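K.L.:
when you get a sec, could you give me coordinates for this:
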Amino acid sequence: MSKSDKSTRRIGLMVGREWSWPPAFIEEVARRDMGVVAEFVQLGAPRLDDEIRYDVVIDRISHEVPFYRAWLKHALVQGVQVINNPLMWTADDKFFGATLAEANDIRSPRTVVLPNKEYIPGIKHDESLRNLIFPLDWQGVIDHVGLPCILKDAHGGGWRDVYVCESIEELLYQYDRSALLTMIVQEFIEWEEFVRCICIGRDHIQPIKYDPKTRRYHDSEDFLSPELRETIISQSQKLCRALGYDMNSVEWAVRDGIPYAIDFMNPAPDFDVNSLGQKWFDWAVQTMADVSIEMALEDRTAPKPKAPNLFRGHGKKE
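P.N.:
I've put the predicted structure just below:
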C-alpha cells in the first residue's frame, strides 16, 4: 500500500542491531488500532521519482550508515517527517551544543575545542593549516577548564572516546591517540546527582536517576526535589526545541543544586530493555507511539512548496 492511500498511514523504522525496542514499538502501534502501521523501512537503490511509502520515519542508525542519511534527506524534502531531522543531526557537534546551551541560559561545563591531532593524507601541515596557531597553549587550556577534565570526541556518543584526565600529561597522552577525531576538553563537574532524561517529541521528558560509573538506570522517581525536577524538565525541553530533536537523551550533572547540561546531543538514545529496565523501556515505547502516531495522522493534504526552506542565506529576498 503506498503513501497515496490515505486510509493507512505508515511509520518507518530505520534501526541497526536493536532487538527489543523495534518489535515492541511495532506491536504497540498496531495495538492502538488508529489506522497507522509501523514497519521496517525497505530500501534498494532509491530513485528521485520513487513514491515514498512513509509519513514518518524514525531514524536510529543513519549515523553509522551514510547511505541511509542520504535517503533520509531526500525523504525530508519530499515532505516525510523524520525523527530526527537528518540535516540537524549531520550539522551538530558537542562544541556547538555547549554554545547552544549557553545561548539559551543553560549552564554548561567550561569547554574548549581542539585542533585534530592527525589529518587525511592530502593535508600538508605547513601549507594546509596556516590558520592554526602552533604550538597549542596547553597550559591555557588547563587553566580554563581545570583538572580533572574530560576529553571526548566532539561527534561521538555511547561513551566512546571519553577520558577523565587527572593531569596535563594524561590529557596530552590521550589527545595524541585521538588520530582523526576532533576532540573537546570540558570542565569535570563533581556531581552530587546525575540525571539522564529520555526526551521524546520535545515535550515529553522523563528524568531518570543514572549512575555513569556502572551505566545503570534506577527506578526511583523521587530522587530530585520538585523544583530541581521542574528545572531539568523545562531546560531539557528548551534544548530539544533549539536542536529540533524529537528523540534525544539529555544528561545533567547536579553540583551545589545547579544542573549542568553535560551531554545532550544523543539523537539515537539507548532504548534497549536491558539498559533502561522494563519501567523506562515501556515508557519509551508508549511515548514514541503517542508522538509518532500523532505526527503520522497530521493533515498532509495542504499544498506544499516544491522544496522546503531548508537553508536560508543572506542574499536578496525572493
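
K.L.:
which parts of this protein are helices?
P.N.:
Here the chain has its helices, by DSSP state H, at 21-32, 66-77, 86-91, 94-103, 125-128, 138-145, 168-176, 226-243, 273-296.

K.L.:
where in this structure is the helix or strand with the lowest mean pLDDT?
P.N.:
Lowest on mean pLDDT, DSSP states H and E among the helices and strands of the chain sits helix 86-91, with a mean of 84.

K.L.:
pull the residues that contact that helix.
P.N.:
Applying Cβ atoms under 8 Å, 6 or more residues apart in numbering, the contact partners of helix 86-91 are 59, 62, 63, 69, 72, 73, 76, 243, 244, 245, 267, 310. In this view, the C-beta of every residue, glycine as well, is placed from N, C-alpha and C.

K.L.:
try 7 Å
P.N.:
Residues from elsewhere that reach helix 86-91 (Cβ atoms under 7 Å, 6 or more residues apart in numbering): 59, 62, 63, 69, 72, 73, 76, 243, 244, 267, 310.

K.L.:
ok, stretch 244-259 next?
P.N.:
For stretch 244-259, with Cβ under 7 Å, 6+ apart as the criterion, the contacting residues are 83-85, 88, 107, 189-202, 228, 231-232, 235-236, 239-240, 260-264, 266-267, 269, 291.

K.L.:
now stretch 147-159
P.N.:
So stretch 147-159 is contacted by 93-95, 113, 160-167, 171, 174-175, 181-188, 266 (Cβ under 7 Å, 6+ apart).

K.L.:
filter these down to the buried ones.
P.N.:
Buried subset of the contacts of stretch 147-159 (neighbour count, 16 or more other Cβ atoms under 10 Å): 93-95, 161-163, 165, 171, 174-175, 181-188, 266.

K.L.:
low-confidence ranges in this protein?
P.N.:
1-6, 300-318 (pLDDT under 70).

K.L.:
domain-wise, how is it divided?
P.N.:
1-86+276-313, 93-108+189-266, 110-187 (automatic domain parsing).

K.L.:
out of these, indicate the one that is most buried.
P.N.:
Most buried of the domains of the chain by mean neighbour count (mean count of other Cβ atoms under 10 Å) is domain 93-108+189-266; its value is a mean of 18.

K.L.:
got the end-to-end distance for stretch 77-92?
P.N.:
By Cα to Cα, to the nearest Å, the extent of stretch 77-92 from end to end equals 20 Å.

K.L.:
quick one: distance of that stretch to the chain centre.
P.N.:
In terms of Cα atoms, centre = their mean, to the nearest Å, the centre of stretch 77-92 is found 12 Å from the chain centre.

K.L.:
state the phi and psi torsions of the closest residue to residue 182 other than its chain neighbours.
P.N.:
Once flanking residues are discounted, residue 182 sits nearest to residue 154: 4.6 Å by Cβ to Cβ, 6 or more residues apart in numbering. Phi and psi for residue 154, reported as degrees, to the nearest 10, are phi -60, psi -20.

K.L.:
distance of residue 154 from residue 15?
P.N.:
From residue 154 across to residue 15, the span is 25 Å (Cβ to Cβ, to the nearest Å).

K.L.:
test my guess that residue 285 contacts residue 25.
P.N.:
Yes. Shown here, residue 285 and residue 25 form a contact pair, counting by Cβ atoms under 7 Å, at 5.4 Å.

K.L.:
contacting residues around residue 58?
P.N.:
11, 13, 14, 83, 292.

K.L.:
ok, and the closest non-adjacent residue to residue 43?
P.N.:
The nearest residue in space to residue 43 (Cβ to Cβ, 6+ apart) is residue 71, at 6.0 Å.

K.L.:
residue 284 versus residue 216, what's the distance?
P.N.:
With Cβ to Cβ as the criterion, residue 216 and residue 284 are 16 Å apart.

K.L.:
now, the contacts of stretch 244-259 that are in strands?
P.N.:
Per DSSP state E, strands hold the following members of the contacts of stretch 244-259: 83, 193-200, 260-263.

K.L.:
show me which pair in the residues you listed is furthest apart.
P.N.:
83 and 193 (29.2 Å; Cβ to Cβ).

K.L.:
for residue 36, give the beta-bridge partners.
P.N.:
residue 9 (DSSP bridges).

K.L.:
hang on, isn't it packed against residue 26?
P.N.:
No. Between residue 36 and residue 26 there is no contact under Cβ under 7 Å: 10.9 Å.

K.L.:
now the common contact residues for those two.
P.N.:
Common neighbours of residue 36 and residue 26 (Cβ under 7 Å, 6+ apart) do not exist.

K.L.:
residue farthest from the centroid of this structure?
P.N.:
The centre of the chain is farthest from one residue, residue 126, which by Cα atoms, centre = their mean lies 35.9 Å away.
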